[in-house]
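Asks: no FASTA, just this:
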């Protein structure tokens, strides 16, 4: 498929005012200006002066975890009976036939990081998925993609209602520390037992097995944190255990932008299309992504679906532009940056030859709310 005659946003180089993207099989073969259009007698799509971009990437959502309009029966995003559940895998909860996957494709969202919510201090494993298909296993880009942790108001509220721990921020952080320390000790015992025949192997522990890759830096930790003090707690814990980590939401990140930049920690901001529905959102501002980006923080923008319906991801980026973010930086926040922060930048997020043929064609600039998504390709197949 040759998509041509459009403004091309490669996201790995300058915008091409009039260019083409050549798809071959499931990969991108070439990208370039219209005057270098290759000889081609196969199927083609005239973008008619619209815009051609990599498929949008939502770096944090709960797509398929909370079923659309189905209530408790399809609410599989929080196992709020145990504050420590690292062994939970999003792949065992995602319903790829939820209608919101179709809405994601209609909005140009071709890849998502989805997983458990923020009821538990340690919630479980996120997965990176394409948004097409009927079988989760075939849609996986990376599993696990991250381990979800949560700080602040959510764990406090959930377990206070149950009259169980944690009911303070101190206890939430302590649960995380305790289990990370146990995972390190567990692995040390395994290593010692492997080296010394007189030492017994520790009993298998599925929770600690799941946490060990986090302590080794193999699996990134995604910390749900809104308030500045919770962001600081995430940074503190990450330093203590040498974690590779990301701040998710970072609502008060604009108050700590210089600290976040100095630490080199990425932030997945959002959702932004909602009210200040709880106390820790008191300092929410649409300027947050712009302030963070100007400080040198790598920023992604998310919907936190279903908090904001996933098809409105480009509108969330447009709102960031309205509040001062550069247009290409905002596009990067839902393409290149989102993919890189999510650990799938080798596959998606830019129109780089050799990457997955995930492409969106819009009638006008993608951040103009009047623009329509005209065509969407995932792995080279047209899905819209």
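Replies: Perfect, thanks for sending it. In this text the structure is predicted, and so the values were computed from the model without any measurement.
Asks: pLDDT score for residue 61?
Replies: On pLDDT, residue 61 comes in at 98.
Asks: now it. Nearest residue, chain neighbours left out?
Replies: residue 305 (3.9 Å; C-beta to C-beta, 6 or more residues apart in numbering). Every C-beta, even on glycine, is put in place using the N, C-alpha and C of the backbone.
Asks: next one: residue 371
Replies: residue 364 (3.9 Å).
Asks: quick check: pLDDT value at that neighbour.
Replies: Reported pLDDT for residue 364: 98.
Asks: might you list the low-confidence residue ranges for the protein?
Replies: Along the chain, segments meeting pLDDT under 70 are nowhere present.
Asks: for it, which strand is longest?
Replies: strand 140-150 (DSSP state E).
Asks: wait, residue 336 touches residue 345, no?
Replies: Yes: the pair residue 336 / residue 345 is scored as a contact, 7.0 Å apart, by C-beta atoms under 8 Å.
Asks: give the helix, strand or coil label for the most centrally placed residue in the chain.
Replies: Centroid-nearest residue in the chain, with C-alpha atoms, centre = their mean: residue 59, separated by 1.6 Å. Put simply, residue 59 is strand when judged by DSSP: H, G, I helix; E, B strand; the rest coil.
Asks: which residues does it contact?
Replies: When the contact criterion is C-beta atoms under 8 Å, 6 or more residues apart in numbering, the partners of residue 59 are 113, 268, 300, 301, 302, 337, 338, 339, 341, 342.
Asks: can we see that at 6 Å?
Replies: Counting by C-beta atoms under 6 Å, 6 or more residues apart in numbering, residue 59 touches 113, 268, 300, 302, 338, 341, 342.
Asks: equivalent analysis for residue 332, please.
Replies: Per C-beta under 6 Å, 6+ apart, neighbours of residue 332: none.
Asks: surely it is in a strand?
Replies: No: according to three-state DSSP, residue 332 belongs to no strand; its state is helix.
Asks: does the residue nearest to residue 371 touch residue 372 like I think?
Replies: No: applying C-beta atoms under 6 Å, one finds residue 364 not in contact with residue 372, separated by 7.8 Å.
Asks: just want to know which of the two has more residues nearby.
Replies: residue 364 (15 against 11; other C-beta atoms under 10 Å).
Asks: what about residue 136, how many residues nearby?
Replies: 18.
Asks: tell me how far it lies from residue 343.
Replies: Between residue 136 and residue 343 the distance is 18 Å, computed by C-beta to C-beta, to the nearest Å.
Asks: and residue 160, by the same measure?
Replies: Here residue 160 is placed at a distance of 34 Å from residue 343 (C-beta to C-beta).
Asks: for the stretch 1-150 of the chain, what spans make up the helices?
Replies: For the stretch 1-150 of the chain, helices defined by DSSP state H, counting those that start in this stretch occupy the ranges 99-106, 136-139.
Asks: could you identify which of the ones you listed is most buried?
Replies: helix 99-106 (a mean of 20; mean count of other C-beta atoms under 10 Å).
Asks: show me what that helix is in contact with.
Replies: Residues contacting helix 99-106 (C-beta under 6 Å, 6+ apart): 63, 68, 131, 310, 311, 376, 383, 384.
Asks: max pairwise distance over those residues: which two?
Replies: 68 and 376 (19.5 Å; C-beta to C-beta).
Asks: of these two, who's got more company?
Replies: More crowded of residue 68 and residue 376, by other C-beta under 10 Å: residue 376, with 25 against 16.
Asks: verify the stated contact: the more buried one with residue 360.
Replies: Yes: judged on C-beta under 6 Å, residue 376 makes contact with residue 360 at a distance of 5.5 Å.
Asks: common neighbours of those two, please.
Replies: residue 108.
Asks: just to revisit the earlier point, distance of the residue nearest to the centre of the chain relative to residue 302?
Replies: 5 Å.
Asks: what residues are shared contacts of those two?
Replies: residue 268.
Asks: before we move on, the earlier item: strands - which of the contacts of helix 99-106 land there?
Replies: Short answer: the contacts of helix 99-106 in strands (DSSP E) are residue 376.
Asks: could I have the buried ones of the contacts of helix 99-106 as ChimeraX selection syntax?
Replies: To isolate the buried members of those in ChimeraX, using 16 or more other C-beta atoms under 10 Å:
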select :63,68,131,310,311,376,383,384
